[in-house]
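> Here's a sequence, model it:
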Amino acid sequence: MSNRVSQLALGAENTKLSTRKTKQQHAVDDLLKRLSEYRNVASIRDVRYLETALSYRDQLSAVFLLTGSIGVIKSYVELFQKHHIPVFVHVEKIGGLSYDQQGLEYVANAIRPDGIITTKIQVVKKAQKLGLTTIQRFFLVDSEGLANITQSLAQVEPDVIEIMPARIPEVLHKVREMTDIPVISGGLLRKREHAEACILEGATAISSSSQQMWEKSF
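Residues are numbered from 1 along each chain as shown. This next block holds a predicted model:
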């Protein structure tokens, strides 16, 4: 009897995992489609610009939330999801939100964004197991940055990587030679020609906190 119960429990768990993976793949496919179509992500660092980003929703691939606290972040997520805009929460930037196992479970089950942004390998691993789409952010300040990307991707592959800052587009070409994971480039973008240079060097899309960059897709 106990073996039968164990088998049923295992079967139910496997079904749950399979369903979670299917939903996650659909979410990833939708994100990649939107990234290729609009090539433009609004990175929101100030709550005052939530409505501004929403007004440009027809020009945006997705929204990155880098502002808010655990008490209000769910309402921000729902604001964009109501208009069918994928929204990603930077779990290291939200006040009162931890990114340990319990914190990520809260994100996945209560806040329920389309995915998360993080700089940390272990957070990517945990988030993927919870069915969250993952975007891993890398900072390239010197040649060691490229080596760090290689080492990190050898341990875990996020769904998308974000390269910061964007004002070194020639480095994007080297990143594209390292991996076929879609790349978003962001940081220090103020002019459209800078964003276009990143796309020419292989970025799938750009992310920016500049409202002028949100006005028109690329």
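> if I pick Asp180, what's in contact with it?
Neighbouring residues of Asp180 by C-beta atoms under 8 Å, 6 or more residues apart in numbering: there are none. For the C-beta atoms, the positions are set from N, CA and C on the backbone; glycine is no exception.
> is it fair to say it lies in a strand?
No: counting by DSSP: H, G, I helix; E, B strand; the rest coil, Asp180 is not found in a strand; it is coil.
> Look at it and report its pLDDT.
We have a pLDDT of 94 for Asp180.
> residues in contact with stretch 39-48?
35, 50, 53, 56, 59-68, 76, 184, 186, 199, 203-209, 213-214, 216-218.
> again, 6 Å this time
53, 59-67, 205, 207-209, 214, 217-218 (C-beta atoms under 6 Å, 6 or more residues apart in numbering).
> Give me the buried stretch members for that stretch, please.
By neighbour count with 16 or more other C-beta atoms under 10 Å, stretch 39-48 contains the buried residues Arg39, Asn40, Val41, Ala42, Ser43, Ile44.
> Distance-wise, check the most centrally placed residue in the chain relative to Pro86.
By C-alpha atoms, centre = their mean, the chain has its centre lying nearest to Ile135, at 3.5 Å. Using C-beta to C-beta, to the nearest Å, Ile135 is found at 11 Å from Pro86.
> State the distance from the nearest residue to His173 once chain neighbours are set aside to Arg137.
Counting by C-beta to C-beta, 6 or more residues apart in numbering, the nearest residue to His173 once its immediate chain neighbours are dropped is Glu201, at 4.9 Å. Distance of Glu201 to Arg137, given as C-beta to C-beta: 18 Å.
> Phe88 too?
Relative to Arg137, Phe88 is positioned 11 Å away (C-beta to C-beta).
> who has more neighbours, those two?
Just comparing Phe88 and Arg137: by other C-beta atoms under 10 Å the higher neighbour count belongs to Phe88, 28 against 21.
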